[in-house]
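>>> Okay, here's the prediction I keep looking at, along with the sequence it came from:
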Amino acid sequence: MKIDQVADTVYVVTGTNVNWALVTDGSGVTLIDAGYPGDTDAVIESIRSIGHDPADLAAILLTHAHLDHIGAIPTLVERTGVPVYTGAREAAHARREFLQQISPSEMVGQLLTRGGPRWVAQTLRAVQGRIGMTVPTATAYDDGILAALPGGFVAVPTPGHTSGHTAYLMPAEGILFSGDALVTGHPLLRDTGPRPLPTVFNHDESLTRRTAKSLLDKSPTLLVPGHGTPWYKTFV
């Protein structure tokens, strides 16, 4: 686990090839995404490392419901009852009313790619056999609730990677939490810098690329991606 304080109230944590973020206002914390199941202890440790306890969580904001972003959520909900918010379409995905995720056969195919064998091995360890994990308490966000959370967020619908993917913007600071709609690195990418994930991960590739371009056009002060390092550059 690696923790970087990227702004006065914003911490980005890297677990197993994936990021989650913590935003605090001193009294409470908003968690954005939650790593793999195998990252659960690290998520909890990261909250404590910034001087808080899991009981201080005001909410979990979910960009999308892939296993590498929901891993610690069941434990945190069980222990604290923290609410989980995402877009309405993605809430149904989190409850597994449908599934949009790389398939086992597609994962096997990555064994033939550059960096694929190591990524597959790391992923299988981090999933811990919990491929059927769901988030039954996931609910659709309300704009007023998001604005009142530590961080003061505005939702940015970003479909493509999944049909209900949502990014979150802190408008006063210009900080955009892009999830997997726009990343800056991944073990299966050759290059770094803002870009979509490889095609195999995306539910709708054409829409993913249009969404990525729309996010690039917003030119946030700071991009916090689901994979890769935070990006401070102006990218237009």
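Great, that's in hand.
>>> what about the strands in this protein?
Counting by DSSP state E, one finds strands in the chain at the ranges 2-7, 10-14, 19-24, 29-32, 57-61, 84-86, 138-140, 154-157, 166-170, 175-179, 222-225.
>>> Could you pull up the mean pLDDT of the fourth one?
To tie it back to what came earlier, the one meant is strand 29-32. Strand 29-32 carries an average pLDDT of 99.
>>> Given it, what are its sheet partners and their directions?
Applying DSSP bridges to the sheet, strand 29-32 is found paired with strand 19-24 (antiparallel), strand 57-61 (parallel).
>>> and for that strand, what are the contacting residues?
Strand 29-32 is contacted by residues 20-24, 43, 47, 50, 52, 56-63, 76, 82, 149-151, 153, 168, 177, 224 when judged by CB atoms under 8 Å, 6 or more residues apart in numbering. Bear in mind the C-beta positions are built from the backbone N, C-alpha and C, glycine included.
>>> Where does pLDDT dip in the chain?
233-236 (pLDDT under 70).
>>> max-length helix in it?
In the chain, assigned by DSSP state H, the helix with the most residues is helix 205-218.
>>> buried residues in it?
205, 207, 208, 211, 212, 215, 218 (16 or more other CB atoms under 10 Å).
>>> Tell me the one among those residues nearest to residue 67.
Of all the buried residues of helix 205-218, residue 67 sits closest to residue 208, with 18.5 Å by CB to CB.
>>> which residue packs closest to the closest one, ignoring adjacent ones?
In space, residue 208 comes closest to residue 160 once its chain neighbours are excluded; the distance is 3.3 Å by CB to CB, 6 or more residues apart in numbering.
>>> ditto for residue 222
Nearest one to residue 222, counting by CB to CB, 6+ apart, is residue 175 at 4.7 Å.
>>> Quick check: that neighbour vs residue 146, distance?
14 Å (CB to CB, to the nearest Å).
>>> So for these two, which sits in the more crowded spot?
Per other CB atoms under 10 Å, whichever of residue 175 and residue 146 has more neighbours is residue 175, with 23 against 20.
>>> can you give me the helices for this protein?
So, for the chain - with DSSP H - the helices run 40-49, 67-70, 73-80, 88-94, 104-109, 116-127, 143-148, 205-218.
>>> Most tightly packed of the ones you listed?
Highest mean neighbour count among the helices of the chain (mean count of other CB atoms under 10 Å): helix 67-70, with a mean of 25.
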